[in-house]
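Colleague: no FASTA, just this:
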Ligand SMILES: [Fe+2]
Ligand SMILES: [Fe+2]
């Protein structure tokens, strides 16, 4: 019988674009005695060419241009793909964790797959299908490591990057609305609303694993050169972050943090 682990492995390693974007439904059972597997890189279909050099920042006014808007949405789809892969990765890397944790990872992985499909359909209507622009595996370079623990994983991805997504998401709902692309704005808003539960999942399990949600404990788990400032938007989406369950002292410390490494 096929297992969730087999499915996760196949999804991460496939080099077929169609299998990446529309994998089969996962089976319902975990392996009886799973062993730890730490994959250090994902399969990449030939259509997904790595970006050389840094992507330029976005000037909001420029998003009236379809190609510039598609460039942003293409990058966002690739973020969702990496998130889906990394949640599947964690199922394989942390077989010793409670089953509800691994079921939660699978549920979020499936949400991220849905988010990918929302962006994918819209990119097609804009005439720039996924795979038509270069991509950057930024999250893959910052989340997995051979000795990763479940606590590090939820610190980096759940509390860190998914929290940052709440900040960035809000900003881009505004940008897409101003650019007159109401479909892109609606997709961004839907994803933002659903990401609140993902950040909440990270916070919940961080508390289970460490006994609380302490800013300094969280910060210590970010791998150099990653800093708290790199995980958040220029302005925190405090409303969504509070809904996700970030404690106020954590939000205060994150707001104050700057990269001179001197907490104010
Ligand atoms: Fe997502
Ligand atoms: Fe997410």
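Modeller: Noted; the coordinates are in hand. Bear in mind the structure is a predicted one, so any value in this text is a computation, not a measurement. Ligands and ions are numbered 1, 2, ... in the order given.

Colleague: Would you mind giving the secondary structure of the residue of the chain found nearest ligand 2?
Modeller: Per C-beta to the ion, residue 198 is where the chain lies closest to ligand 2, at 3.6 Å. Glycine gets a C-beta too; all of them are placed from N, C-alpha and C. Classification of residue 198 using DSSP: H, G, I helix; E, B strand; the rest coil returns helix.

Colleague: how close does it get to residue 148?
Modeller: Separation of residue 198 from residue 148 (C-beta to C-beta, to the nearest Å) stands at 18 Å.

Colleague: which of these two has more neighbours?
Modeller: Set side by side, residue 198 and residue 148 show more neighbours around residue 198, with 25 against 17, by other C-beta atoms under 10 Å.

Colleague: check which helix or strand covers the nearest residue in space to the more buried one that is not next to it in sequence.
Modeller: Computed as C-beta to C-beta, 6 or more residues apart in numbering, the closest residue to residue 198 that is not its neighbour in sequence is residue 162, at 4.6 Å. In this structure, residue 162 is located in helix 162-178 according to DSSP states H and E.

Colleague: Show me what counts as buried in that helix.
Modeller: Within helix 162-178, the residues that count as buried by 16 or more other C-beta atoms under 10 Å are 162-173, 175-177.

Colleague: That one packs against which elements?
Modeller: Other helices and strands packing on helix 162-178, by 3 or more C-beta pairs under 8 Å, 6 or more residues apart in numbering; DSSP states H and E, are helix 66-93, helix 182-210, helix 238-244.

Colleague: which residues sit against the helix or strand following the second one?
Modeller: What that stands for is helix 182-210. Next helix or strand after helix 182-210 toward the C-terminus (DSSP H and E): helix 215-219. In this structure, residues lying in contact with helix 215-219 by C-beta atoms under 8 Å, 6 or more residues apart in numbering are 155, 159-160, 206, 210, 228, 249-250, 253-254.

Colleague: Kindly recompute the last result at 7 Å.
Modeller: By C-beta atoms under 7 Å, 6 or more residues apart in numbering, the list of residues contacting helix 215-219 from outside reads 155, 159, 210, 228, 249-250, 253-254.

Colleague: Could you pull up the contacting residues of residue 245?
Modeller: By C-beta under 7 Å, 6+ apart, the residues touching residue 245 are 200, 203.

Colleague: Count the residues that sit near residue 126.
Modeller: 16.

Colleague: Can you name every helix or strand that the helix or strand harbouring residue 5 contacts?
Modeller: Take DSSP H and E as the rule and residue 5 turns out to sit in helix 4-13. For helix 4-13, the helices and strands in contact under the criterion 3 or more C-beta pairs under 7 Å, 6 or more residues apart in numbering; DSSP states H and E are helix 66-93.

Colleague: Buried residues, the helix it packs on. List them.
Modeller: Buried residues in helix 66-93, counted by 16+ other C-beta under 10 Å: 68-93.

Colleague: And stretch 214-231, by the same measure?
Modeller: By neighbour count on 16+ other C-beta under 10 Å, the buried set for stretch 214-231 is 214-215, 218-219, 221-222, 226, 228, 231.

Colleague: Ok, stretch 28-42 next?
Modeller: Buried, per 16+ other C-beta under 10 Å, within stretch 28-42: 30, 34, 39, 42.

Colleague: and what of stretch 186-198?
Modeller: Of all the residues in stretch 186-198, those buried under the rule 16+ other C-beta under 10 Å are 187-189, 191-192, 195-196, 198.

Colleague: Count residues in the vicinity of residue 247, would you?
Modeller: Look at residue 247: counted by other C-beta under 10 Å, it has 16 neighbours.

Colleague: Check it and give its pLDDT.
Modeller: What the model reports for residue 247 is a pLDDT of 98.

Colleague: Now do the same contact list for the residue nearest to it when sequence neighbours are not counted.
Modeller: Once flanking residues are discounted, residue 247 sits nearest to residue 213: 5.4 Å by C-beta to C-beta, 6+ apart. Contacts for residue 213 were tallied using C-beta under 7 Å, 6+ apart; they are 203, 206-207, 247, 250.

Colleague: hmm, which of those residues are the buried ones?
Modeller: Those of the contacts of residue 213 that meet the buried threshold are 203, 206, 247, 250, by 16+ other C-beta under 10 Å.
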